[in-house]
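Trainee: Turn this into a model:
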Amino acid sequence: MSFNGGQLRIVLAVPLYPKPFPNINCSINIPVLVLIKKYSKMKIAYISTSLPTECGIATFNANLFLAINQHKTVSNDSFVVALSDSEELKAYNYPPEVKYIIRQNNQKDYLRAADYVNTSQVDACIIEHEFGIYGGESGLYVLSLMARINKPIITILHTVLKQPSYVQQTIIQQIAKRSAKIVVMSQKAIGFLTSIYNIPKSKIKYIEHGVADLEPPTTNPIKNAYPFKDKKVLFTFGLISRNKGLETAISALPEIIKQHPDSIYVVLGNTHPGVVKNVGEEYRDSLKRLARKLDVEKHLVFVNKFVDEKELHHYLSAADIYITPYLNEAQITSGTLSYAVGAGAAVISTPYWHAQELLSNNRGLLFDFQDSQQLATLVNDLFAHPSKLNQLKYNAYRYGLSLRWPNIGKNYIAVLQEAIQETERASLQGKPIIDADSMPTFNLSHVKRLTDDTGIVQHAKYGIPNLKEGYCLDDNARALIMALMAFKQYKSREALELLPVYLSYIQYMQREDGNFRNFLSFDRNYLDEVGSEDSFGRTIWSLGYLINHAPNNSYKEFATELFLKSVPHFSQLQHLRGVTNTIIGLYHYLVINPHHVEMMTEMQQLVDPLVKAYENNSNKQWQWFEQQLTYDNALLPLALLCHYQITKEEKSFTIAKKTLDFLTEKTLGKGYLNPVGNNGWLKKNEPMALYDQQAIETMAMVLVYFKAYEITKELKYMHHLYQSYQWFLGENSLNLPLYDHETKGCADGLQALGVNRNQGAESTLAYLISHLVVFKALEIEYKYLADDNKIKEDILEN
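Mentor: Predicted structure coming up:
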């Protein structure tokens, strides 16, 4: 029994028997009664900047908090987690609803705040998003916060960019991934999210910006005081910065004053704190100089203060015309514009995105960007025709009634309830281990971009092949494996067409003595005489895999010829990674040729030093083959599992299991894959290097967990396999995806400050191989679920 989402849930379950299949470590439960009823009020956590911070989002969230909390279905225990731009926790005198503070640039605060939310028995969390209010590049730290929160999240996007940077686009995509619902305040934003960010429309909710629930005052103290008294007032309010375009309105004043000399332009608001910090009052001073130059300084008044909502409503009600002269269209939401319409102001605005929507149907007038002459003409026309002016005010007022906060609060409550209910239904239904819907469609576009008639180019600059770096044997061996897997999984003709390219490269790099060179320049000149043991082992793996999975006999025969020619070099291998790769290649060869005694002997002779390395270096606390974990770590237990499958040698299985459990403890202990970083490795009795994390390490984890599940049928390995794969899609220490949905390539690594944007062959092939392994595992899971459901149906029928 548990309480959540304003509901009491009671679930009774009858276990069938502890082990439905003798080799599967799980149990099956049949829910026989699910009772859900109304029990308590919703408790909501809000994450946002907060008053008294002079910030539009802080004001918005304060109003939203009040609008939602006044509803009878919402608990008074709802609270705010405040984002602060100060390192001092007591820098602001926050209102009582603020229960926790996140210092903008303190990463640990985000994790602690998430833990606070998770343990506060809230039913859902509302996150206000604007890139600038979170720490890290473009507000990257918000992803760590969201990844750790285990409640339904509703994210309100205050900015949706038409031309985002790579990091900004990635952040919004990850926010959408981790949110139950996304709320935007304009229709244009919905179009951007679906077309630019590829966010499903079903996840997006459109709720307009709320406005004050106030009527125009009968007696307005602002109207009867300086500078409003006996004046025709043009008005703008908000934090002042250059993108506001106030110089356009000032430049219109001479023409306006010619016809209406009692006109005055009032600008209410402080200069944006970020602007003051960097350049002081430079912009405000430049506006004053412009007014003096145009001889209109007596008609320009700055009111330098931040006002509350009631006083702002008085200002808006006292003004004759409200102006927003922004400089460009890239304004998806304007709180100031919404407040003006809500107050029944006559609005003239440049045609930025939000203005185009909100002022349609004669709720306001538009003029071209930086066109002061057009603005002056519109103002003079309205002053000359009071009926037009009053009609605009009436239209704005009538529309503004629907925007008042009590109405907007009800809309948010509906979204909250929907998100909570969807989350509850999903938890009752249970989730598959592997979520196929969240996986990108398999695509070879980037591989084909990197591949020419010689082979696959090893490096790329961003998504463009870097031909200067030429080719290497390692990547062509991996490409051969990937192409074979793709053909086997999807019957992909384009993958089949790539096979001879990669195989011919391997053949071209084999020396007369059977060993292999590694590097080849773009003009096909050898760059080394003998390649590394790693490249040798990976090539043996690829040839063994081709022998095991050849699409036709000629491929198999060609691969066998190259494979057998290299055998004399097996005994010369000294390094464990070269040894393990070769063992895996021998495994595939022996699957097809189980009675080849010589190859069995070769495999055993390679396994012996691997076992000895474990025995010499391991103890109770350090279950590993060496005194440090470096790269391709998971291939070591994978090689022993392959040996066990061929020989049924229990010692290999035992060591493989112990070392895999040790590796799992070190890299999956936080609930997501944290591979050993290249920048320092993991030395015995020392902290693990977190970065740089490499894609091939993740691929090796996916492969070893698949093999472990294949042998043991323990579902934990299926979970670990999918957890590891999710590293590519953003389930990692930075919550950033490495797979690029645009190029179909994979970033070259995860670094302390973000992803390595280059998308070379190694990382892209590692992703694609991992993807193919996960889909193979998915087939197994489907079969298991089908068997599971059949058992349930049989029991229910009987």
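
Trainee: List the buried residues of the helix or strand hosting Asp475.
Mentor: Following DSSP states H and E, one finds Asp475 within helix 473-490. Applying a neighbour-count criterion of 16 or more other CB atoms under 10 Å, the buried positions in helix 473-490 are 473-487, 489. In this view, the C-beta of every residue, glycine as well, is placed from N, C-alpha and C.

Trainee: Alpha carbons of that helix, as PDB, please.
Mentor: Provided in PDB are the C-alpha atoms of helix 473-490 (Å, rounded to 0.1, in the frame of the first residue of the first chain):
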ATOM      1  CA  LEU A 473      42.900  -1.800 -39.100                       C
ATOM      2  CA  ASP A 474      41.000  -1.600 -35.800                       C
ATOM      3  CA  ASP A 475      38.100   0.400 -37.200                       C
ATOM      4  CA  ASN A 476      37.800  -1.700 -40.400                       C
ATOM      5  CA  ALA A 477      37.700  -4.800 -38.200                       C
ATOM      6  CA  ARG A 478      34.900  -3.300 -36.100                       C
ATOM      7  CA  ALA A 479      33.100  -2.100 -39.200                       C
ATOM      8  CA  LEU A 480      33.200  -5.700 -40.600                       C
ATOM      9  CA  ILE A 481      31.600  -7.000 -37.400                       C
ATOM     10  CA  MET A 482      29.000  -4.200 -37.400                       C
ATOM     11  CA  ALA A 483      28.100  -4.800 -41.100                       C
ATOM     12  CA  LEU A 484      27.600  -8.500 -40.500                       C
ATOM     13  CA  MET A 485      25.500  -7.900 -37.400                       C
ATOM     14  CA  ALA A 486      23.300  -5.400 -39.300                       C
ATOM     15  CA  PHE A 487      22.800  -7.800 -42.200                       C
ATOM     16  CA  LYS A 488      21.900 -10.600 -39.800                       C
ATOM     17  CA  GLN A 489      19.600  -8.400 -37.700                       C
ATOM     18  CA  TYR A 490      17.900  -6.300 -40.400                       C
END
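
Trainee: I'd like the average pLDDT over the following helix or strand past it.
Mentor: Next along the chain after helix 473-490, taking DSSP H and E as the criterion, comes helix 493-509. For helix 493-509, the mean pLDDT works out to 96.

Trainee: Please apply the same query to stretch 767-778.
Mentor: Computed over stretch 767-778, the average pLDDT equals 94.

Trainee: Three-state assignment for the spatially closest residue to Phe302 that is not a sequence neighbour, please.
Mentor: The spatially closest residue to Phe302, leaving aside those adjacent along the chain, is Val267, at 5.2 Å (CB to CB, 6 or more residues apart in numbering). The three-state label given to Val267 by DSSP: H, G, I helix; E, B strand; the rest coil is strand.

Trainee: Name all residues that make contact with Val267.
Mentor: Phe235, Thr236, Phe237, Ile240, Leu246, Leu287, Leu300, Val301, Phe302, Val303 (CB atoms under 8 Å, 6 or more residues apart in numbering).

Trainee: And Pro216, by the same measure?
Mentor: Per CB under 8 Å, 6+ apart, neighbours of Pro216: His313, Ser317, Ala343, Gly344.

Trainee: that older thread, export the contacts of Val267 as CSV, with columns for distance to Ala708, neighbour count and secondary structure.
Mentor: Formatted as CSV, those follow (distance: CB to CB, whole Å; neighbours: other CB atoms under 10 Å; DSSP: H, G, I helix; E, B strand; the rest coil):
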residue, distance to Ala708, neighbour count, secondary structure
Phe235, 69, 24, strand
Thr236, 65, 22, strand
Phe237, 63, 21, strand
Ile240, 62, 23, strand
Leu246, 65, 27, helix
Leu287, 68, 20, helix
Leu300, 74, 22, strand
Val301, 74, 17, strand
Phe302, 70, 18, strand
Val303, 69, 15, strand
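
Trainee: ok, those residues vs Tyr705, which is closest?
Mentor: Ile240 (56.5 Å; CB to CB).

Trainee: ok, back up a step: which two from the buried residues of helix 473-490 end up farthest apart in space?
Mentor: Leu473 and Gln489 (24.5 Å).

Trainee: which stretches of the stretch 401-550 of the chain form strands?
Mentor: 460-461, 464-465, 471-472, 519-520 (DSSP state E, counting those that start in this stretch).

Trainee: wait, I meant the stretch 251-400 of the chain
Mentor: Counting by DSSP E, counting those that start in this stretch, the segments of the stretch 251-400 of the chain that form strands are 263-268, 300-303, 321-324, 346-349, 365-366.

Trainee: can I get those strands in JSON lines with distance to Asn685 and mean pLDDT?
Mentor: Listed next are the strands of the stretch 251-400 of the chain as JSON lines, based on distance: least, CB to CB, whole Å; pLDDT from 0 to 100:
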{"stretch": "strand 263-268", "distance to Asn685": "63", "mean pLDDT": "95"}
{"stretch": "strand 300-303", "distance to Asn685": "64", "mean pLDDT": "94"}
{"stretch": "strand 321-324", "distance to Asn685": "63", "mean pLDDT": "97"}
{"stretch": "strand 346-349", "distance to Asn685": "65", "mean pLDDT": "97"}
{"stretch": "strand 365-366", "distance to Asn685": "69", "mean pLDDT": "97"}
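
Trainee: where does the protein have low pLDDT?
Mentor: 1-39, 429-430, 782-798 (pLDDT under 70).
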